[in-house]
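Trainee: Kindly generate the corresponding structure for this input.
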Amino acid sequence: MVFQDPISSLNPHRAAIDIVAEPLTIRGVGTKRQRRERARELLHRVGLNPELFAEARPGTLSGGQAQRVAIARALVAEPALLLCDEPVSSLDVSVQARVLNLLADLREEAGLSLLFISHDLAVVRMIADSVSVLCEGRIVESGETERVIADPQHEYTRQLLDSAPRLPGALESDVSAV
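Mentor: Residues are numbered from 1 along each chain as shown. I've put the predicted structure just below:
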């Protein structure tokens, strides 16, 4: 699982390498050295130089760096499905784009499925092939992402689309500036 607030989802007293290796430790996988080596590989894979970030504590990381540690931790056990609960909502737009690109790359390279939860349909558009829109806990619309965004059938979907930020002068069909 990758949570909305990366800083609060990471143990502030532990180094990034230990946070990433923790699921392996809990499962009793490998030796401590093997777990740390796997954690270093994943830190590198998510774009963090292990030489610089392995011993970093969450409080010293930017939001984007902390979210990358959280993604590495979620990936260490090689899941088939990654649950992402608003994983970029607390990040600025440029960092959002980099994290979304990372998730898209991981999805392609590892054959990983993502269950991506977000109110921001512009973000959903960047990452999802299909979408289900929930209102009060019920699916009110679902289908191919581009179709749902281009021709929303439910009022709540239209409200979500209308709430997406837009650049001045952007085309009406644009969902956002992301």
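
Trainee: Roughly how far does the residue nearest the centre of the chain sit from residue 1?
Mentor: Most central in the chain under C-alpha atoms, centre = their mean is residue 87, positioned 4.1 Å from the mean C-alpha point. If you measure residue 87 against residue 1 using C-beta to C-beta, to the nearest Å, the figure is 10 Å. (Each C-beta comes from the backbone N, C-alpha and C, glycine too.)

Trainee: Which positions in whichever strand or helix holds residue 162 come out as buried?
Mentor: Residue 162 belongs to helix 155-163 when elements are defined using DSSP states H and E. Residues of helix 155-163 classed as buried under the neighbour-count rule (16 or more other C-beta atoms under 10 Å) are 157, 160, 161.

Trainee: thinking the first one is in contact with residue 133, fair?
Mentor: Right, residue 157. Yes. Using C-beta atoms under 8 Å, residue 157 is in contact with residue 133, at 4.8 Å.

Trainee: what about the helices in the protein?
Mentor: With DSSP state H as the criterion, the chain has helices at 6-9, 16-27, 32-45, 50-53, 63-75, 93-110, 121-127, 145-150, 155-163.

Trainee: sorry, back to before: the closest residue to the residue nearest to the centre of the chain other than its chain neighbours: neighbour count?
Mentor: Once flanking residues are discounted, residue 87 sits nearest to residue 2: 4.6 Å by C-beta to C-beta, 6 or more residues apart in numbering. Using other C-beta atoms under 10 Å, residue 2 is surrounded by 24 other residues.

Trainee: Residue 36 now?
Mentor: Residue 36: 20 surrounding residues under other C-beta under 10 Å.

Trainee: Now do the contacts for it.
Mentor: For residue 36, the contacting residues are 17, 21, by C-beta atoms under 8 Å, 6 or more residues apart in numbering.

Trainee: Try it again at 10 Å.
Mentor: By C-beta atoms under 10 Å, 6 or more residues apart in numbering, the contact list for residue 36 reads 15, 17, 18, 20, 21, 24, 25, 30, 50, 54.

Trainee: Pretty sure the first one sits against residue 53.
Mentor: Yes. With contact taken as C-beta atoms under 10 Å, residue 15 and residue 53 are classed as touching, separated by 9.0 Å.
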